[in-house]
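Q: The following block contains a protein sequence and its predicted model.
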Amino acid sequence: MPLDGKAEVSAGKGGGAPGGAASLAGPPQECAGCGKKITERFLLKALDVFWHEDCLKCGCCDCRLGEVGSTLYTKADLILCRRDYLRLFGNTGHCAACSKVIPAFEMVMRARSNVYHLECFACQQCNHR
């Protein structure tokens with residue numbers, strides 16, 4: 001597992017069935033999460049190992065990473081969803097309008113070098129968003 005970074009999750013058919021991005025030929029693979037054989041119809045491949053769909057979860061919020069997209073993040077021996085990775089390790093900034101902190105996972109509006117909360121981004125003359 002890489003120390004820090006972004007990785008892709010690929011889904012496939014397990015249990016020796018042909019086809020799928022992470023399909024297997026031969027005996028069932030061992031799950032990197034629980035250590036048991038993967039005999040279910042589908043499996044996930046991430047960080048160059050195989051996982052049960054229920055075993056590949058975010059280390060913070062426990063969401064199933066195969067359901068929230070095809071990307072996961074790793075840092076400090078944690079496997080994380082995008083939101084938790086940004087919440088824990090992303091850069092925060094300050095809104096150019098209200099000067100309050102903008103968490104790294106929050107959607108923003110940008111104008112040149114300024115960053116704004118969505119609710120703070122408005123015309124300076126008429127205050128229309």
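A: Structure's in. What do you need?

Q: can we go C-alpha only for contacts and neighbour counts from here?
A: OK.

Q: Tell me who's in contact with residue 109.
A: The contact partners of residue 109, taken as C-alpha atoms under 8 Å, 6 or more residues apart in numbering, are 115-118, 121.

Q: These in helices, which ones?
A: With helices identified by DSSP state H, none of the entries of the contacts of residue 109 belong to them.

Q: Show the buried residues in those residues.
A: Among the contacts of residue 109, those classed as buried by neighbour count (16 or more other C-alpha atoms under 10 Å) are 115-117, 121.

Q: Low-confidence stretches in the chain?
A: 1-7, 9, 11-26 (pLDDT under 70).

Q: Could you pull out the helices in it for me?
A: In the chain, helices defined by DSSP H lie at 82-89, listed in chain order.

Q: okay, which residue of it is out on the far edge from center?
A: Of all residues in the chain, residue 125 sits farthest from the chain's C-alpha centroid, using C-alpha atoms, centre = their mean; the distance is 39.5 Å.

Q: ok so, going back, right, and out of the buried ones among the contacts of residue 109, which lies closest to residue 63?
A: Proximity to residue 63 was ranked across those by C-alpha to C-alpha; first place goes to residue 117, at 26.2 Å.

Q: beta partners for that closest one?
A: With DSSP bridges applied, residue 117 shows beta-bridge pairing to residue 108.

Q: Surely it and residue 104 touch.
A: No: the pair residue 117 / residue 104 is not scored as a contact, 11.3 Å apart, by C-alpha atoms under 8 Å.

Q: what residues are up against residue 103?
A: With contact set as C-alpha under 8 Å, 6+ apart, residue 103 has these partners: 87, 91-93.

Q: ditto for residue 117
A: Applying C-alpha under 8 Å, 6+ apart, one finds that residue 117 lies in contact with 95, 102, 107-109.
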